[in-house]
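S.K.: Okay, predicted coordinates and the sequence, questions at the end:
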Protein chains: 2
Amino acid sequence: MGDDAAVIEPARGALDVLTTDVLVEGVHFDRSCVPPAAIGHKALAVTLGGLAAMGAEPRAALLSLLLPPSMALADFDAMIDGWLSLASAHAVALVGGNISRSPGPLVLDVTVVGSVKPRRVLTRAGARPGDGVYVSGTVGAARAGRLSLERGAVSDEALADCRARFLRPQPRVRLGMLLGRNRVASACVDASDGLADAVGQLAAASGAGITIDADAVPVPPCVAAVLPAAPGTDDGFAAALAAGEDCELVFTVPARRSRSLKAVVRLAGGVPCTRIGTVTAARSLLLRRRGADAPLPGGSVHFR
Amino acid sequence: MGDDAAVIEPARGALDVLTTDVLVEGVHFDRSCVPPAAIGHKALAVTLGGLAAMGAEPRAALLSLLLPPSMALADFDAMIDGWLSLASAHAVALVGGNISRSPGPLVLDVTVVGSVKPRRVLTRAGARPGDGVYVSGTVGAARAGRLSLERGAVSDEALADCRARFLRPQPRVRLGMLLGRNRVASACVDASDGLADAVGQLAAASGAGITIDADAVPVPPCVAAVLPAAPGTDDGFAAALAAGEDCELVFTVPARRSRSLKAVVRLAGGVPCTRIGTVTAARSLLLRRRGADAPLPGGSVHFR
């Protein structure tokens, strides 16, 4: 810091991995119900989530802030503390960035640089028919937590964990690195735009289809209860499949690597990873429910 | 592109150099008088300027955009074209980024990654007493151009070049790389926060002082005429020293390297580089005018 740019020594024999994410007040969070420390945490967490999906180890970050005049200094400090605290947990150095005043909303733009060995990098392409499809954590929790916060219904204890997943998402950095290093996953994607989107990305990039088993998808009951029910259904299950903001990984594992996956999950500290479906040769996204296949709600495959 | 992060092979034996800059509508530009293509160009140019000051070769960039709903698609296209055109001129690959809608102003956040050999990196520290202080291009032109545009006085032909320097600044990428590779500069800084600030940064980081020769500073007559005159003076010379937004380099050169500087200037395509002062042992920033020394207007040294 202090010079016009940050200088970093690349990891020996590794590739650089770069990703950036922007959090905008009024779009991604509401300052009236998200505490400043959580805003700082979230901004770094979502960016680390993108790196995790590549199997990369985060090393350094740049933080650019647009600050509205209405922001109090104490809130600014708390926001930075929230950011730095997560950075410290993942050994990420803040190496640069800038602060501008903003006539508009609070904006946080985070760029993270990480490293990964050439043959250990995870991409969206690589899923093969027969591979299992997995998701870490749960599905829809962050969106349910956000709704609960925005409605002010903080008395609902069942949603406390969902609120934490929205406010303090834990990027699956270690899981991603282990999936790549041990060559367990054949493809991986960040679920931040929703499970249906993630599954569509994997299918498109891999030139394959995916069938999801509805009963297997880990949508917590409180999430299905709080998210809006789709027409003709009695809960928010379909909404959970489409809901974004979960800081989770969706990945595929060849059958011969499924035993290694158990070891990786143990090494990653027991992050729950649930098999939710199978990669197919048919280029379609399906949801299997009570033995019948229907198009996956919210899923679309844009083959290249 | 297309995966959750961009993967770049680091240059062999080189360090990674990272820098980021943000352009905010209403702060750094006004959409009513800066064409969309110039907005895109400027956003990349200022970021490349930071890398140039380190002597680094730019390689790849991330572009994050916050788009207000009022922005027309044609303006968006022109803005991206302006960005890509400058990127192409410097062989910079667009490897990632994102687009969010914004309830506020148009925002462009650009991160550039480059590379530089370990012993060729330029920093602000390294200036020694006796070194000459140089600036590339001219001083104050971008600010004068901005004023001219905002006032709508586009009929003034003398300011056409200043408007171009505000709208389409040319980052001194090649000059910076050559100053570093040939070990000509002992220290270097980006002048984007103004000459007085740049000189203060060099002095502070190097633990030295600097005396600037007023008659040598390349403030074009039209700049001195259009910038507001400081109290007790009859032109905008002092304002030009403090004015930011010039995409120029301020650097120091040991006497024994001044002949090499001429060769570097030739290799850089004849970028004008003017000696404007000398590094001193006294820890002060002075402006010498008609044989008398006075504190440099706008200059302050925050020694570490």
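M.R.: Yep, that arrived.
S.K.: And the helices in the stretch 151-300 of chain A?
M.R.: Assignment of helices within the stretch 151-300 of chain A using DSSP state H, counting those that start in this stretch yields the ranges A:160-167, A:173-181, A:195-206, A:221-226, A:237-242, A:258-267.
S.K.: Relative to chain B, which of the ones you listed is closest?
M.R.: Within those, the stretch nearest chain B is helix A:195-206; the backing value is 6.9 Å (CB to the nearest CB). Just so you know, the C-beta spots here come from the backbone N, C-alpha and C atoms, and that holds for glycine as well.
S.K.: quick one: low-confidence ranges for chain A?
M.R.: Regions of chain A meeting the criterion pLDDT under 70 cover residues A:1-2, A:153-155, A:301-304.
S.K.: I'd like to know how many residues surround the closest residue to chain B within it.
M.R.: Here the residue of chain A nearest chain B is A:G104; by CB to the nearest CB that distance is 1.8 Å. Residue neighbour count, defined by other CB atoms under 10 Å in any protein chain shown, stands at 22 for A:G104.
S.K.: got a list of what it touches?
M.R.: For A:G104, the contact set (CB atoms under 8 Å, 6 or more residues apart in numbering or on different chains) comprises A:66, A:68, B:24, B:26, B:102-105, B:107.
S.K.: Neighbours of A:R266, how many?
M.R.: A:R266 has 11 neighbouring residues, counting by other CB under 10 Å.
S.K.: ok, it to A:S260 distance?
M.R.: Relative to A:S260, A:R266 is positioned 11 Å away (criterion: CB to CB, to the nearest Å).
S.K.: What of A:T278?
M.R.: Counting by CB to CB, the gap from A:T278 to A:S260 is 18 Å.
S.K.: swap in A:S300?
M.R.: Plainly put, A:S300 is 32 Å away from A:S260 if you go by CB to CB.
S.K.: try A:L195
M.R.: Taking CB to CB, one finds A:L195 at 23 Å from A:S260.
S.K.: Between those two, which has more neighbouring residues?
M.R.: Each of A:L195 and A:S260 has its neighbours counted (other CB under 10 Å); A:L195 has more, 28 against 17.
S.K.: That one against A:G137, yeah?
M.R.: No: the pair A:L195 / A:G137 is not scored as a contact, 10.9 Å apart, by CB atoms under 8 Å.
S.K.: Quick check: neighbours shared by these two?
M.R.: Taking CB under 8 Å, 6+ apart as the contact rule, the neighbours common to A:L195 and A:G137 are A:D246.
S.K.: Can you tell me the element A:T111 falls in?
M.R.: For A:T111, the enclosing helix or strand under DSSP states H and E is strand A:107-116.
S.K.: Provide the strand pairings for that strand, with the direction of each partner.
M.R.: Using DSSP bridges, the strands paired with strand A:107-116 are strand A:15-24 (antiparallel), strand A:57-67 (antiparallel).
S.K.: do you know which of the ones you listed lies nearest B:L122?
M.R.: With respect to B:L122, and counting by CB to CB, the nearest of these is strand A:57-67 at 19.3 Å.
S.K.: For the very next helix or strand once past that closest one, list the C-alpha coordinates in CSV.
M.R.: The first helix or strand that comes after strand A:57-67 along the chain, using DSSP H and E, is helix A:73-89. What follows is helix A:73-89 as a C-alpha-only set of coordinates in CSV (Å, rounded to 0.1, in the frame of the first residue of the first chain):
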residue,chain,number,x,y,z
LEU,A,73,-17.8,7.3,10.7
ALA,A,74,-18.6,4.6,13.3
ASP,A,75,-20.5,2.6,10.6
PHE,A,76,-17.6,3.0,8.3
ASP,A,77,-15.3,1.6,10.9
ALA,A,78,-17.6,-1.3,11.6
MET,A,79,-17.9,-2.1,7.9
ILE,A,80,-14.1,-2.2,7.5
ASP,A,81,-13.8,-4.3,10.6
GLY,A,82,-16.3,-6.8,9.2
TRP,A,83,-14.4,-7.0,6.0
LEU,A,84,-10.9,-7.3,7.6
SER,A,85,-12.1,-9.9,10.0
LEU,A,86,-13.2,-12.3,7.3
ALA,A,87,-10.0,-11.4,5.3
SER,A,88,-8.0,-12.4,8.3
ALA,A,89,-9.8,-15.7,8.7
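S.K.: any residue of helix A:73-89 up close to chain B?
M.R.: No: residues of helix A:73-89 contacting chain B under CB under 8 Å from any CB of the partner chain: none, with a closest distance of 14.9 Å.
S.K.: Kindly report the same for stretch A:196-214.
M.R.: Yes: part of stretch A:196-214 sits near chain B under the criterion CB under 8 Å from any CB, namely A:A205.
S.K.: Just the terminal-to-terminal distance for that stretch.
M.R.: Using CA to CA, to the nearest Å, the end-to-end distance of stretch A:196-214 comes to 12 Å.
S.K.: Check stretch A:241-253 too.
M.R.: Taking CA to CA as the measure, stretch A:241-253 stretches 20 Å from start to finish.
S.K.: Okay, buried residues for stretch A:236-251 please.
M.R.: Neighbour-count burial for stretch A:236-251, with 16 or more other CB atoms under 10 Å in any protein chain shown as criterion, is recorded at A:236-251.
S.K.: Check stretch A:268-279 too.
M.R.: Applying 16+ other CB under 10 Å to stretch A:268-279 flags A:268, A:271, A:273, A:276-279 as buried.
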